[in-house]
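K.L.:
Next comes the sequence, and after it the predicted model I'd like to discuss.
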Amino acid sequence: MGTQQRRRREKRRRRQDILDAARALFWEKGYGGTTMPELAEAAELAPGTLYLYFPGKSALYAELLIEGYDLLLERLQAEVAGDGSPREQAAALIDAFLRFAQDCPEYFDIIFFLLQKEYGGTRDALEPEQVERLQAKEDACKAIAAEVIERVDGTRSAAEVSATVDAAWSMLVGLVSFFGRRDGKSFSSVAGEARKLLVEAVFGAG
């Protein structure tokens, strides 16, 4: 392996180490409660070195949001890759969303809760270009659900489909926020009932 290739690999590894340390620290202390010097210390770097990788805290946080959305998007895409009916795929998407909340709580909270608790809006602390990137990721996730709904019939307008997806998205986030994830059995029971209600609301009783 050449010197340049080794340096690129080391740079990628160090960047990921920074993101891993930041994810844990943001989850523990919140966005506002975390400083760049603390992030540098957690990543075992000098503060000046940290700034070589990320120009500020919002850039680092935005990158974690992108990572989280990519993980969620991958799970949602897997659920619609098969030949199930729209109703079956919608139920599978709901399950995948809620499993993501259980399997990846740090990413889920970073996406949906952390900034909202501190700023009243999930992206108020971010730069406009960062918000634009994140919106594209969220739109890609929601587009998967919209496509499933559109397969049922062609009578719903794009605005109606979008409103339905937004409502379901918000309800699922609210479910996680209200019921939490500590008691897996209870959460699974509530999640199953929520899935049933949402599917019936969109597709009718089956």
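P.N.:
Done, it's in.
K.L.:
Just give me the neighbour total for the residue nearest to Gln130 when sequence neighbours are not counted.
P.N.:
Nearest non-adjacent residue to Gln130, counting by C-beta to C-beta, 6 or more residues apart in numbering: Ala62, 4.0 Å away. C-beta: built from backbone N, CA, C; applies to glycine. Counted by other C-beta atoms under 10 Å, the residues lying close to Ala62 total 21.
K.L.:
Return the residues in contact with Ala62.
P.N.:
Leu126, Glu127, Gln130, Arg133, Leu134 (C-beta atoms under 8 Å, 6 or more residues apart in numbering).
K.L.:
Reduced to three states, what does the first one come out as?
P.N.:
The reference is to Leu126. coil (DSSP: H, G, I helix; E, B strand; the rest coil).
K.L.:
pretty sure it contacts Glu132?
P.N.:
No: applying C-beta atoms under 8 Å, one finds Leu126 not in contact with Glu132, separated by 9.7 Å.
K.L.:
higher neighbour count, the two?
P.N.:
Using other C-beta under 10 Å as the criterion, Leu126 and Glu132 rank with Leu126 on top: 22 against 10.
K.L.:
can you pull out the helices in the chain?
P.N.:
With DSSP state H as the criterion, the chain has helices at 3-29, 36-42, 47-53, 57-79, 86-103, 105-112, 114-119, 128-150, 158-179, 184-203.
K.L.:
Could you measure from Glu118 over to Gly174?
P.N.:
18 Å (C-beta to C-beta, to the nearest Å).
K.L.:
Cys141 - how many residues pack around it?
P.N.:
Neighbour count for Cys141, taken as other C-beta under 10 Å: 20.
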